[in-house]
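1. Quick one: sequence and predicted model below, then my questions.
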Amino acid sequence: MPSEMNESPALAMIHTVPGIIPAFNELVGLHLTGWRSFNMLDESLLGNTIREGALSPQTMRRLATQIWSAVDAGASAVLVTCSSLGPAVDAAMPLCPIPLFRIDDGMAIEAIHRGNRVGVLATLATTMNPTTRLIERHAERTGRRVSVIGRLCEGAFDKLRHGDRAAHDAMVREGLASLVGSVDVVVLAQASMAYALNATSEASLPVLTSPELGVLHISRALKARSRVQESAHS
């Protein structure tokens, strides 16, 4: 007889930064009642993208392989937590037999409801364009007009990768300060930036991060999908 764990639907999470895994496990426990999660880590997907300066066809194919591996492992849904890989997630969605999510969708949707001037703060150049395009796409879909202003915290990701979180967070705070007054809301483009928020909690404008907003978006989407399926079978 299958165990209770095996009967629960599973969310596979594909990561490129190991340090964010515990926080995502906690968020799934908080917001995806009845779901379990398992993690897949491949740091080279992001490492190669940084080295090449763009998302290559080879990296897109390799991410698709990871997604299909998650499907074969029994996942009922897949989340890719790296924003730099967002366009590769979009490309895989039409072919994926189960719900597939990019982490920054929830944040982008929330941002366009907070104001018309959206600031994007990133620590990697490879994340800036995917995040900007995503915000603009959601705005177009909902008939909203937005302007997006980007700020790159040059070198901050290297500080984080080498264990200097304090320096990383200070650079994120500096980038945030440079946007105050020119935008209505700021999004932190990468999940790895979310932990700098504690130090910016008294900012004079809304600052959005992707992990919790992303998991909440997934929760809503999966519940809506379940309702549709139940209705179809009733």
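-> It's in. Keep in mind that this is a model prediction, so the values were computed, not measured.

2. drop to CA atoms for contacts and neighbour counts, all remaining ones
-> OK.

3. got the buried residues for stretch 97-117?
-> If you call a residue buried by 16 or more other Cα atoms under 10 Å, then stretch 97-117 has these buried ones: 99-112, 115-117.

4. tell me the average confidence for that stretch?
-> Mean pLDDT, computed over stretch 97-117, is 95.

5. Pull up the distance across that stretch, start to finish.
-> Stretch 97-117 has an end-to-end distance of 36 Å (criterion: Cα to Cα, to the nearest Å).

6. Have a look at this structure and report its longest helix.
-> In the chain, taking DSSP state H as the definition, the longest helix is helix 210-233.

7. Domains of the chain: list them as residue ranges, please.
-> Per automatic domain parsing, the structural domains of the chain span 4-103, 105-211.

8. Save those domains as JSON lines, and put in distance to Arg220 too.
-> What follows is the domains of the chain, written out as JSON lines (distance: least, Cα to Cα, whole Å):
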{"stretch": "domain 4-103", "distance to Arg220": "9"}
{"stretch": "domain 105-211", "distance to Arg220": "10"}
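
9. what's the closest of these to Ser219?
-> Across the domains of the chain, Ser219 has its closest neighbour in domain 4-103 (5.8 Å, Cα to Cα).

10. now the closest one, how far from the centre of its chain.
-> 10 Å (Cα atoms, centre = their mean, to the nearest Å).

11. which residues does the most centrally placed residue in the chain contact?
-> Geometric centre of the chain, nearest residue: Ile103, 2.3 Å, by Cα atoms, centre = their mean. Taking Cα atoms under 8 Å, 6 or more residues apart in numbering as the criterion, Ile103 is in contact with Leu79, Val80, Thr81, Cys82, Ser83, Ala191, Ser210, Pro211, Gly214, Val215.
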